[in-house]
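Engineer: Pasting the sequence and the predicted coordinates here, then a few questions.
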Amino acid sequence: MRTDQQPLRLSLFAPDGRMGQAIADAAGADDEFEIASDHGDVLIDFSAPAALRQSLDRAVSAAVPLLVGTTGLDEGHHELIREASRTIPILVAPNTSLGVALLADLVERAARVLPTADWDVEIVEAHHRHKADAPSGTALHLGKSVEIGRSMDCKEELGRSGVGLKREPGEIGYAAVRGGTVAGDHDVMFLGPDERLVLSHRAESRAIFARGALAAARFLHGKPAGLYSMRDVIGG
Ligand SMILES: NC(=O)C1=CN([C@@H]2O[C@H](COP(=O)(O)OP(=O)(O)OC[C@H]3O[C@@H](n4cnc5c(N)ncnc54)[C@H](OP(=O)(O)O)[C@@H]3O)[C@@H](O)[C@H]2O)C=CC1
Ligand SMILES: O=C(O)C1=N[C@H](C(=O)O)C[C@H](O)C1
């Protein structure tokens, strides 16, 4: 229970979605949180890119913090988020699990240490059959961690097919597998001369994203306007 004894009231933008339901279940099992039927203290959006403008408008007009877990966002969406973050606190997380937040740090460090000329990076992800976007938001986020570690922009190779595909140093290859009920697998492969380093995360259920979303909401409550990430939640 929080020190002021008041549960944090969460408003779910898409309560009927898979993640909306997982977050409601996690909040129901934790007396620090309750689901609000009105505006709540924090708005949580796990929905679809087409809905982002609506969730931003709702959060800005109610002057409440917003957690954006939706993936498949483009540069236009990120510009809208940056604009709204001048007014309210917004945390954008393509993956709210604590394990992936740490994985991004580890990937950044590996990319900093392993020379780009010798070590190729491939990111492989697997998800359930209902997933709408590919590569996953997490895979793209981990690719950004590689770029930060290497201090350079890297060409994206989004699925190879055909001939004449010899690899260029510095590019990042992405491969997406879809099927069944896979909650979310991510492998970041550093492929070097005579050795391989593979940094992996396995989501065993959506509950990990839901618990991470609660941690992110708790973090956001009371923060000044600005743009935040899961790195701020885990600290370090
Ligand atoms: N950050 C993270 O850790 C995670 C992120 N995700 C991401 O969260 C998002 C949702 O995933 P998931 O819950 O599995 O998807 P679902 O398809 O189960 O749920 C999406 C929900 O959003 C609603 N929605 C879709 N479009 C709109 C719209 N234009 N306006 C209002 N509501 C809308 C849907 O309502 P309706 O059915 O009526 O259209 C539905 O309730 C995806 O982008 C996914 O990649 C998923 C898991 C973890
Ligand atoms: O749609 C999903 O399910 C997931 N989406 C996120 C993503 O695109 O990375 C996070 C998680 O892997 C599950």
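Structural biologist: Nice, I can see it. Ligands and ions are numbered 1, 2, ... in the order given.
Engineer: taking the mean pLDDT, what do you get for the biggest helix by length in the chain?
Structural biologist: Ranked by residue count and defined by DSSP state H, the top helix of the chain is helix 98-113. For helix 98-113, the mean pLDDT works out to 98.
Engineer: For ligand 2, tell me whether it is touching it.
Structural biologist: No - on the criterion CB under 6 Å from any ligand atom, helix 98-113 is out of touch with ligand 2, staying 7.6 Å away. The way it works is simple: take the backbone N, C-alpha and C, and place the C-beta from them, glycine included.
Engineer: hmm, who's touching that helix?
Structural biologist: Helix 98-113 is contacted by residues 93, 95, 121, 138, 141-142, 145-151, 186, 188, 190, 197, 199, 201, 203, 208, 211-212, 215, 230-231, 233-234, 236 when judged by CB atoms under 8 Å, 6 or more residues apart in numbering.
Engineer: For it, buried residues please.
Structural biologist: By neighbour count on 16 or more other CB atoms under 10 Å, the buried set for helix 98-113 is 100-101, 103-104, 107-108, 110-111.
Engineer: now it, how far from the chain's geometric center?
Structural biologist: 14 Å (CA atoms, centre = their mean, to the nearest Å).
Engineer: That helix and ligand 1, are they touching?
Structural biologist: No - contact of helix 98-113 with ligand 1 (CB under 6 Å from any ligand atom) is absent, the minimum separation being 7.6 Å.
Engineer: Can you name the next helix or strand after that helix?
Structural biologist: strand 120-127 (DSSP states H and E).
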